[in-house]
Every structure is written in C-alpha cells, then in structure tokens.
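Colleague: Got a predicted structure here, sequence first:
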Amino acid sequence: MTSAGPPDLTHARADVLARIAGSGMSQDPHLEAAAPLRPLPPELEAKLTAGPAADVDLRRRVVRPSAALAALDAIAVVVAIATGHAVLAIVAGVLFVPLAALAVLGARYGGHRLSMADRARVAAASKWQSRQDWSGPLALGRERGLVLAAVDAARRITATPGWRSGSLDEQRVRLDLAVELDQIDDQAHRIAAARVAGTGDPAAMEVAWEAALDRVAALTAYAGELDGSARRQRATMGDPVRDGDLLTGATLDGFALEHLVTLTAFLGAMRQGEP
C-alpha cells in the first residue's frame, strides 16, 4: 500500500450510508462533471494546462499592440480627412483593416482557444452514464443508492481546483473516475441482481457489499481531502496533528497528498480484485 497504511474509512463509510438512505431513487445514475473524468490525449491536456498563460502572452504580445495601433490609425484617418489629406486618409484606412482584424482574431481564436473537436472531446470525457438496467425491483435497493453516492463523490472531486491544478498529475493518471464509476456500477448491479433473484449466498453477498461500500467510501474520502471537508471534520474533532489547511488555492500540502496517494492505492487494489 503506502507508508500511510490502509486508509481509515470509518467516517467516509458513515457518510456513504447516510447518502444511500437519503438518495432520491428516481434520480438517474449519470454525471455531467465540471472537468474530465478520464484522461485526455497529451496534446489536449497540454492545451488545457498551458491555456491561461498562453492567452495572457498572446494578449500582451499581439492583441493589445494591434488594438492600440488600430485605434491610433483610426484617429489618423479622421485627422487626415478633416485636414484634407486624402492620400494619408486612404493609407491610414488601408492599415486600419489588418490591424483591427489581427486584434479581433487574436482575442477570439488565439492562445489556448480550443477547436470544436477539442471541446467535444472534453465534453465527452466529462460525462458518465450507467450502463446497467436499474429498473423494476433493482431501482429501490441500497445498491443503486451506492452508485448514486459514487456519482456524488466523483462530482465533488471534479469540482475542486486541485483536480485540474497539475498537483495531482500522477494521481489523476492512476485514478480514472470513469472507470471507477463503471466498475462500481457493475459491481453494485451484480449484487442487486443476485439479491432480488435470491440466487446468491447471503454471506458471500454481504462480503461483496462490504467491499463495494469500502470502494465508494474511499472515493468519498478522496473527495473530502480535495474539497477540504475532511480537514474541517478533523478540526471539529480536535485532532491537533491533522488540523491544518490541506489546500491553499489548488496546492496540496504533504499530509493531504499522502492521504490521496493512500486512497488511490487502495482504489487501485480494489480494481485489481475485480473479477
């Protein structure tokens, strides 16, 4: 596992069970996340990561100078017309067009601007939909509520600045949220189907349920480390060692990162244990 040892999922398990009890069973297990759930191609990741800096550099080097020169050229046109210098007005007018076009096009399409194909890939990577049939008797069981709890955890993870900050690059490669949701969805559905059909051994089904619950609890704990709710909970409990900001903006401190590494390793082990 890691130097931190197995994660303590006591509070996360309680959180998941509470969410199952309060989940709206009419809700469709799907997610439209704030950021991609699954890894993107390297070139698209580079665009998303370097985008803001590239955009600022483009505005500084191209857009602002072109806009300033276009404004001065427009003034020159007006002055030339007012003073009767027709040739100067024509030359200034001719220069105005490319300068203004360069400023407008640079502001609109330059820098980290994504193509329509790029945007479609990002949108597709940010969506997840259950592949299982949760209708009939399966719709009202705790297993479907477990999937909804997993979806909620994934939503929280992708909504945090840390998920896309670059501080979690290695962890994000190892933790594919879409794969996690697919496998939790399949695992929960198989448990539910066996329960409804009455074909499964009760002891084996309970072991499978506990494993699935632990997996969603680990995902929920991961979300808690990223969005700061775990820090607030520890502070409420008066833990003097663990009390402290886990996130400063999008920067993780060593303690939070250690927990995230542990949780990622735990989820990876759970995934390898899947049949």
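Modeller: Ah, there it is. All figures in this text were calculated on a predicted structure; none of them were measured in a lab. Numbers count the residues shown, from 1 in each chain.
Colleague: CA only for contacts and neighbour counts going forward, please
Modeller: Fine.
Colleague: How many residues are close by the residue nearest to residue 33 when sequence neighbours are not counted?
Modeller: What sits nearest to residue 33 in space, not counting adjacent residues and going by CA to CA, 6 or more residues apart in numbering, is residue 126, at 5.1 Å. A total of 21 residues lie near residue 126 under the criterion other CA atoms under 10 Å.
Colleague: Same question for residue 38.
Modeller: Taking other CA under 10 Å as the neighbour definition, residue 38 ends up with a count of 20.
Colleague: Report the mean per-residue pLDDT for stretch 184-202.
Modeller: Over the span of stretch 184-202, the pLDDT mean works out to 93.
Colleague: buried ones in that stretch?
Modeller: 184, 185, 186, 187, 188, 189, 190, 191, 192, 193, 195, 200 (16 or more other CA atoms under 10 Å).
Colleague: For that stretch, list the C-alpha coordinates in PDB.
Modeller: Provided in PDB are the C-alpha atoms of stretch 184-202 (Å, rounded to 0.1, in the frame of the first residue of the first chain):
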ATOM      1  CA  ILE A 184     -18.800   0.300  -9.000                       C
ATOM      2  CA  ASP A 185     -21.900   0.400 -11.200                       C
ATOM      3  CA  ASP A 186     -21.300  -3.100 -12.500                       C
ATOM      4  CA  GLN A 187     -20.300  -4.400  -9.000                       C
ATOM      5  CA  ALA A 188     -23.400  -3.000  -7.300                       C
ATOM      6  CA  HIS A 189     -25.700  -4.200 -10.100                       C
ATOM      7  CA  ARG A 190     -24.500  -7.800  -9.800                       C
ATOM      8  CA  ILE A 191     -25.000  -7.700  -6.100                       C
ATOM      9  CA  ALA A 192     -28.500  -6.300  -6.500                       C
ATOM     10  CA  ALA A 193     -29.500  -8.800  -9.200                       C
ATOM     11  CA  ALA A 194     -28.400 -11.700  -7.000                       C
ATOM     12  CA  ARG A 195     -30.300 -10.300  -4.100                       C
ATOM     13  CA  VAL A 196     -33.500  -9.900  -6.000                       C
ATOM     14  CA  ALA A 197     -33.200 -13.300  -7.700                       C
ATOM     15  CA  GLY A 198     -32.400 -15.000  -4.400                       C
ATOM     16  CA  THR A 199     -29.600 -16.900  -6.100                       C
ATOM     17  CA  GLY A 200     -26.600 -15.700  -4.100                       C
ATOM     18  CA  ASP A 201     -25.100 -17.000  -0.900                       C
ATOM     19  CA  PRO A 202     -26.100 -14.400   1.800                       C
END
